[in-house]
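Sequence first, then the predicted structure:
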Amino acid sequence: MGDSQFHRLPSSKDDILREGSLPVSDSGEGLISAEAWDRAEQTAKEIVFRIQPTLGDDQKRKEITEYVQRLIGYGVGCEVLSYGSVPLKTYVPDGDIDLTVFGGQNDADDLVSDVHAILRGEEHNEAAPFEVKDVHCIDAEVLSALISY
């Protein structure tokens, strides 16, 4: 194979962590040329650059989250928390914002009805800072688990 450099694919995450980088080899099957590896890395960087959140994206999601927190917090007396890709800053440009509601004195059915009514009311609020549309209440059970270690 001459002077070409090849990278052996790691067999596990532990191999990557232990080696610190992919080992270099000049023979055999299951190898990627250095040139192909460099092209793949450059392409991956370009993809990440294009989809990573911008400051503007981040600010807009923060404003929307705070808006919903005010609506639900004051309207129902509950705490609204963001989870998932937004607080982790791993969302894609057209990704959603995951929110969950905690607390309040309402039972679960009343809480769902109250939140639904507040959001439906905002659909018709022309002075709202954001457009609320297509509000639907989906009757579904969400399983949760508390895992301690």
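Received it, and whenever you're ready, just let me know what you need.

quick check: longest helix of this structure.
Ranked by number of residues, the top helix in the chain under DSSP state H is helix 55-76.

So what's the gap between that one and the chain middle?
The chain centroid and the centroid of helix 55-76 are separated by 16 Å under CA atoms, centre = their mean, to the nearest Å.

Nearest spatial neighbour of the residue positioned nearest the centre of the chain, chain-adjacent residues omitted?
When CA atoms, centre = their mean is applied to the chain, the residue found nearest the centroid is residue 85 (1.7 Å). Leaving aside its sequence neighbours, residue 85 sits nearest to residue 91 (CB to CB, 6 or more residues apart in numbering; 3.9 Å). Quick note: C-beta positions are derived from backbone N, CA and C, even for glycine.

Can I take it that that neighbour is in a strand?
No - Residue 91: not assigned to a strand; according to DSSP: H, G, I helix; E, B strand; the rest coil it is coil.

Angles on the backbone of it, please.
Dihedral angles of residue 91 (phi, psi; degrees, to the nearest 10) stand at phi -80, psi 160.
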